[in-house]
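K.L.:
kindly return the folded structure for what I paste below:
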Amino acid sequence: MATLVKLRMPLLQVAAVLALLGLWQWGTAGGVLDTFIVGTPGETFGQLKNWIVDGTLLRSSLSTLQVLLLGWGIGTVLGVAIGAMIGLNEFFRLVTDPFITFFNGMPRLVLYPFLAVWLGFGIQAKILLVVLVIVVVVATIVATGFRDVDNNLIDNSKLMGARRFDIARDVYAPSLASWLIGSSRVTLGYAFQAAITAEFIGSSKGLGFLVVFGESRLNVNEIWAALAAVIAIAWALDGLVGLWERRALRWSRLSGAR
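P.N.:
Okay, here's the model as predicted:
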């Protein structure tokens, strides 16, 4: 039964999307919906086709992915380092706790105008925004993962002659990996949002730029086409991360069971 539901679910999801597209097309063709405000499916897909043919979609997607992956990678590494210091050092945790709380509650996307003034509208400001958006989230998750480790397990490992490297590999790493891997979809989603937002201001390429360019021309079909590309890439990235997440969690469980 569960397998049957699992097989039917994608079909139901595709059917729901097709139904919405059909209602959209029916509403615009029948004059129920204003095409200037909502656009049309035909013109939206036509715009996507034009971007694919002339290479605009590929160039824009690669530009956004470059910012996303670089920012996500750097932010994750910095977040792990900061989180490890917070999780392992009580003094460092007490010193940084109010700052982490402040930046965690702050909408960090609003920092981009400052970054653009300081660094210009190049790729550096965009990558730094992505880093700032996810580094606090990753640091908090990693610190929680370190504090989640059972002290009795560490003491028992030391009694059995485990060295610091052995404890880090066999005790801390599996616990940290579970927390970090489990949150990878969330941090990647935040990073993607930051990368798109950074392209709204002063950019000349990227998926976010395509959205703003369509808005400046009052062309709703261009906006829909850019959003469709964003959704498709987000869906593909989520699927890849989900696949990696399942395999990595399997390794984490096997490492923790050793």
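K.L.:
which other residues reach stretch 126-137?
P.N.:
Under the criterion CB atoms under 8 Å, 6 or more residues apart in numbering, residues 67-68, 70-72, 74-76, 78-79, 82, 100, 103-104, 108-109, 111-112, 115, 119, 183, 186-187, 190-191, 193-195, 197-199, 203 lie in contact with stretch 126-137. (Each C-beta comes from the backbone N, C-alpha and C, glycine too.)
K.L.:
would you mark the buried spots in the strand or helix carrying L69?
P.N.:
L69 is part of helix 56-88 when elements are defined by DSSP states H and E. Residues of helix 56-88 classed as buried by neighbour count (16 or more other CB atoms under 10 Å): 56-57, 60-61, 63-65, 67-72, 74-76, 78-80, 82-87.
K.L.:
same deal with stretch 228-235?
P.N.:
229-230, 233.
K.L.:
out of the residues you listed, which is nearest to R8?
P.N.:
Of all the buried residues of stretch 228-235, R8 sits closest to I233, with 26.2 Å by CB to CB.
K.L.:
got the contact list for that closest one?
P.N.:
Per CB under 8 Å, 6+ apart, neighbours of I233: 61, 64-65, 192, 207.
K.L.:
could you check the pLDDT of it?
P.N.:
Predicted confidence (pLDDT) for I233: 94.
K.L.:
okay if I get the contacts of I233 as JSON lines plus distance to R217 and pLDDT?
P.N.:
Shown next, in JSON lines, are these (distance: CB to CB, whole Å; pLDDT from 0 to 100):
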{"residue": "S61", "distance to R217": "20", "pLDDT": "96"}
{"residue": "T64", "distance to R217": "20", "pLDDT": "96"}
{"residue": "L65", "distance to R217": "25", "pLDDT": "96"}
{"residue": "F192", "distance to R217": "25", "pLDDT": "95"}
{"residue": "L207", "distance to R217": "16", "pLDDT": "95"}
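K.L.:
and the helix holding L69, how far from the chain's centre?
P.N.:
9 Å (CA atoms, centre = their mean, to the nearest Å).
K.L.:
now stretch 193-205
P.N.:
Chain-centre distance of stretch 193-205: 15 Å, with CA atoms, centre = their mean.
K.L.:
now swap in stretch 211-225 and tell me
P.N.:
Mean-position distance between stretch 211-225 and its chain equals 24 Å (CA atoms, centre = their mean).
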